[in-house]
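Visitor: Mind looking at a prediction? Sequence and model below.
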There are 2 protein chains.
Amino acid sequence: MRLLVFLFACLLACAALPHCAEAAKARHFKWEVSNMFWSPDCEEKVLIGINGQFPGPTIRAKAGDTIVVELKNALHTEGVVIHWHGIRQIGTPWADGTAAISQCAINPEEHFTYRFVVDKPGTYFYHGHYGMQRAAGLYGSLIVDVADGEEEPFKYDGELNLLLSDWYHESIYNQMVGLSSKPMRWIGEPQSLLINGRGQFNCSLAAAHTQGAKQCTGGGNKHCAPVVFPVLPNKTYRLRVASTTSLASLNLAIGNHKLTVVEADGNYVEPFTVDDMDIYSGDSYSVLLTTDQNPSSNYWISIGVRGRNPKTAPALALLNYRPNNRAMKLPAVAPPATPAWNDYAHSKAFTQRILARAGTPPPPATSDRRIELLNTQNKMDGGIKWSINNASMVLPATPYLGSLKLLGLKPTLGASARPAESFGRGYDVTRPPANPNTTVGDNVYVLAHNATVDVVLQNANALAHNVSEVHPWHLHGHDFWVLGYGEGAYNGDAADAARLNLRNPPLRNTAVIFPYGWTALRFVADNPGVWAFHCHIEPHLHMGMGVIFAEAVERVGEVPKAAISCGATATALMAGGDHP
Amino acid sequence: MRLLVFLFACLLACAALPHCAEAAKARHFKWEVSNMFWSPDCEEKVLIGINGQFPGPTIRAKAGDTIVVELKNALHTEGVVIHWHGIRQIGTPWADGTAAISQCAINPEEHFTYRFVVDKPGTYFYHGHYGMQRAAGLYGSLIVDVADGEEEPFKYDGELNLLLSDWYHESIYNQMVGLSSKPMRWIGEPQSLLINGRGQFNCSLAAAHTQGAKQCTGGGNKHCAPVVFPVLPNKTYRLRVASTTSLASLNLAIGNHKLTVVEADGNYVEPFTVDDMDIYSGDSYSVLLTTDQNPSSNYWISIGVRGRNPKTAPALALLNYRPNNRAMKLPAVAPPATPAWNDYAHSKAFTQRILARAGTPPPPATSDRRIELLNTQNKMDGGIKWSINNASMVLPATPYLGSLKLLGLKPTLGASARPAESFGRGYDVTRPPANPNTTVGDNVYVLAHNATVDVVLQNANALAHNVSEVHPWHLHGHDFWVLGYGEGAYNGDAADAARLNLRNPPLRNTAVIFPYGWTALRFVADNPGVWAFHCHIEPHLHMGMGVIFAEAVERVGEVPKAAISCGATATALMAGGDHP
């Protein structure tokens, strides 16, 4: 809250100053979303692109700018929305781009204008947030530079942008049907990993170092041409790295080069240097890299899978030292190996090094409310779901922002009971659920204005014995402080409290829960709106792994009609004598 | 109009009589539309089913009944509508189930209630009418029996129902992207033909008589189990036959048996007997068959492709004489051969035998307006379209029924000019278009109340030399009289006029144009609404082959809000102070 008050004060002050008002400008974009044939990994399929591009166009702006995206849905029968991942949408909750939550899906042939301020510099991205459209390729980068006259707290000579994703050959329609089927059909591991929308299936750039692999020819199809990042020797580059994977947790390493992490999810962190770094779906980072190696070589950039026994080959790109080398001169050595998929100690060590940079607002010392969310895999009606406190989230026909603000509608499922604030002590997180059956729920938590809210995300054993997965949880509308991580069941006792860092916890919008562990978050409910909080793994969200924070909805400003012109909000608010 | 006045009088009279009011009842259905895995021809794919069934449930009602279908859209990101093909929707144009025309597409998780009277006995069907959802399997039978106390004008002992379709292994999403691509990718011929949703791919029930074919085993997968129709010897059966194919024109023959046609598109026709019959997409028929053959055999029911050089094997089913034979006892002889695909003389002979049964209201002797519609294949921006009078139809974001009635909106494309009433004399229908370029259009024809309208559909050469295809045109909201057919260009001269039959033309809702020929239709604009009129070939409609009749929209009754709760009608009619 202190942070937001500060920012609001800045914006008000800025608006009053002529030179400042000039600097913050509106950046207009016209986008058309459509299906198209594309071959991201040299295998053709239909994906969702923007303006004929995949990934979508990169948005580049300065802190304080207003982004205006006039979007036309040119899909044939599908609605669409775009979520601006990491942008808090302060005062514009209807622009958050979550179907059934913040707005009516934009129907085919309709236009919708997203208008919001990017108040904070950082590395962001955007993506579809309806069904599993993100996994159909509907994503792109959103990069916010510091405002004119401001400086980043670190120096660099150039930038490289890596938007990471995973890729399935099965259509998202088939994937969604499979996940909802009884018995469920799991989507399996991705066929490829993509860097900026490009990858190689069934071949490797490093075949010479990879048992049984076929050398990629690289020629011909520009959709899947290898990614090459040209750099000059003895410079410092800022790598902007973000992951919009559907499933895979990733690890990035660059042969012979160290990585210094300086930003996470649009917040500066205390710089630290590593050989490799994990990136979960929903994460974004900036890392500094110095081109201090032998300039007569190129170097591998390698992206591999963590947290699941990988069946997907690493994505490879080339760090191309110019002007010495040809772009496609392959390094003589093997690409850096990805750490073992289940080396969670390595992952935890990396994650726990992420701490707020000096100057970051600290969290309030105490909270007003604690919500404990148990993550379990369950059975329902012959299918499989993910549940939160034993309720698997389903979304309504009419988006919450409109229905809660304008119609005062109560959640439609489990309306008699508010979702549980905790899962109760004594749940054995080390075993499959004793009662594996779950039910559906709205999972809507109503938050009071300006309340300081703690959320404890509790991981547990899945349905199978000795399985507990990593889940990266993403919060809309806010950054949160990551207060700490623990092993086993959270008890809220002194030992757990001692694990919390109230001094310099990092501000983020995505935080991971490790197998059998818990993660504690804190945020201030100072941004009226209806916000999704969910596992960022696309099939897990589809299977119900999320909750909704309905935050001070009475304080939300006038919602644009285009965001509520569907369902119950449209029919209830329509004038005229037509019968129901 | 005389017919409608008569029917209205009947309904009014009926409502006044207690016993009659009892007889006409409301029939309620609850449907859930969802994607599901299915194997119609033993190859699994995702299709659109209703209540877990494919094809959707058969609706059976009596003339005068009110059908009430409460539909829930359980698709994940797609809207949906259902069109009740052949039902005129007198007084209920919002229930016609055409997205962007008669109603807002029903969004995921939303409910919409279709409520309409089936005023006329006959053989009908229903299907999706949004994008190419019909081709994804969204269809089923709708059969209306005569009202209690009424009798059909022919006798029979039992009924067999054959809902015919064709089947593609490529998803409709890929098909739609291909058709819209530049260059266009044509969908090609279907992989299979289906009878009641079942077919056999890559094998034949009649392999013994089919060069190079593999015998279908038939066992195991019930989705594609062979269709068997049990009959008793020496009985008369009414076969109800309807085609909801995406592309294929079909021909039906039954080994050793004659077919007596008695109904077409829900209208009685003068009975005539044939060895085989053509069925175009959108057609429905009743034919009588007498089981007067040797009862110790079963007999082939064979459905083959006409009008396009076929690459799809005939669909086969068995007429199973009981109690003598096993269901799967295969006939010793080969299935009846489908007439040569390009034997148009055969097709024309069949079509022109279809004449109104005595008692059918004749058409008005003259018309108030004649609209001539030239069908051409054209190029646009590197793609391929079908055009009507050189305008390829595109549909708006906000459905016409709401926008025209409530907002008085003008069509958005080519708003300065109404669509052409004719294509002008002198167009050479025997050659590819001299100027192959086309443009998009709303193609909205405004019809005055009670006007008698003639439509002349003119076929022509496609883009390639010596190619002119068959197109079955389907009109919503009306039956029309098929006044006649001609070869070459329609001139409107005495010779053309002499070809028109004003004495006993058949009433239909679908009529075919033959290659290089024309077809003349007449109807009375006595049913206020906004009605699609289009080629019933799914990819052709997708490529723009249609027009819209906006008929006395000022007389349309109160439109249910659920049909207009989207787009401009929703935002314009919503009360409250929200900014635009």
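Guide: Cool, got the structure.
Visitor: For the stretch 51-200 of chain A, which segments count as helices?
Guide: Here the stretch 51-200 of chain A has its helices, by DSSP state H, counting those that start in this stretch, at A:172-180.
Visitor: Next, count neighbours for the closest residue to chain B within the stretch 351-500 of chain A.
Guide: Closest to chain B within the stretch 351-500 of chain A is A:Ala397: 3.8 Å, counting by C-beta to the nearest C-beta. For glycine as for every other residue, the C-beta is placed from the backbone atoms N, C-alpha and C. When neighbours are counted by other C-beta atoms under 10 Å in any protein chain shown, A:Ala397 registers 19.
Visitor: mind listing what it touches?
Guide: Applying C-beta atoms under 8 Å, 6 or more residues apart in numbering or on different chains to A:Ala397 gives the contacts A:Ala100, A:Gly567, A:Ala568, B:Asn107, B:Pro108, B:Glu109, B:Glu110, B:His111.
Visitor: Could you identify which of those has the most neighbours?
Guide: Most surrounded of the contacts of A:Ala397: other C-beta under 10 Å gives A:Ala100, at 27 neighbours.
Visitor: That residue touches A:Gly402, doesn't it?
Guide: No. Counting by C-beta atoms under 8 Å, A:Ala100 stays clear of A:Gly402, with 10.4 Å between them.
Visitor: what would the contacts of A:Ala397 look like in CSV with pLDDT?
Guide: Compiled in CSV, those are given as follows (pLDDT from 0 to 100):
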residue, pLDDT
A:Ala100, 97
A:Gly567, 94
A:Ala568, 94
B:Asn107, 98
B:Pro108, 98
B:Glu109, 96
B:Glu110, 97
B:His111, 97
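Visitor: how near is A:Asn298 to A:Val274?
Guide: 22 Å (C-beta to C-beta, to the nearest Å).
Visitor: which one of these two has more residues nearby?
Guide: Higher neighbour count among A:Asn298 and A:Val274: A:Asn298, with 26 against 16, using other C-beta under 10 Å.
Visitor: And the pLDDT at the more buried one?
Guide: Per-residue pLDDT puts A:Asn298 at 98.
Visitor: Next up, the contacts around A:Tyr130.
Guide: Residues near A:Tyr130 by C-beta under 8 Å, 6+ apart: A:Glu78, A:Gly79, A:Val80, A:Val81, A:Ala99, A:Ala100, A:Ala105, B:Thr77.
Visitor: and the stretch 101-250 of chain A, which residues reach chain B?
Guide: Listed as neighbours of chain B in the stretch 101-250 of chain A under the rule C-beta under 8 Å from any C-beta of the partner chain: A:104-105, A:107-111, A:130-133, A:171, A:173-174, A:176-178, A:181.
Visitor: how does it look with 10 Å?
Guide: Proximity of the stretch 101-250 of chain A to chain B is confined to A:104-111, A:113, A:128, A:130-133, A:136, A:170-181, A:185 under the rule C-beta under 10 Å from any C-beta of the partner chain.
Visitor: related to what we said a few turns ago, anything in contact with each of A:Ala100 and A:Gly402?
Guide: Common neighbours of A:Ala100 and A:Gly402 (criterion: C-beta atoms under 10 Å, 6 or more residues apart in numbering or on different chains): A:Cys566, A:Gly567.
Visitor: avg pLDDT for the helix or strand containing A:Ala511?
Guide: Assessed by DSSP states H and E, A:Ala511 sits inside strand A:510-513. The pLDDT scores in strand A:510-513 average 98.
Visitor: That one packs against which elements?
Guide: Judged by 3 or more C-beta pairs under 10 Å, 6 or more residues apart in numbering or on different chains; DSSP states H and E, strand A:510-513 is in contact with helix A:344-352, strand A:452-458, strand A:471-475, strand A:480-487, strand A:517-524.
Visitor: A:Thr351 is in contact with A:Thr510, isn't it?
Guide: No. With contact defined as C-beta atoms under 10 Å, A:Thr351 does not count as touching A:Thr510 (11.1 Å).
Visitor: now the strands: where do they sit in the stretch 351-500 of chain A?
Guide: In the stretch 351-500 of chain A, the strands defined using DSSP state E, counting those that start in this stretch lie at A:369-380, A:383-388, A:391-393, A:439-441, A:444-447, A:452-458, A:471-475, A:480-487.
Visitor: Would the second one count as contacting chain B?
Guide: To tie it back to what came earlier, the one meant is strand A:383-388. No. If you take C-beta under 10 Å from any C-beta as the test, strand A:383-388 misses chain B, and the best it gets is 12.7 Å.
Visitor: Low-confidence ranges, chain A, go.
Guide: A:1-23, A:218-220, A:410-417, A:576-580 (pLDDT under 70).
Visitor: domains in it, as residue ranges please.
Guide: A:2-145, A:158-352, A:369-570 (automatic domain parsing).
Visitor: Adding distance to A:Pro362, write those domains out as JSON lines.
Guide: Below are these laid out as JSON lines (distance: least, C-beta to C-beta, whole Å):
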{"stretch": "domain A:2-145", "distance to A:Pro362": "9"}
{"stretch": "domain A:158-352", "distance to A:Pro362": "13"}
{"stretch": "domain A:369-570", "distance to A:Pro362": "7"}
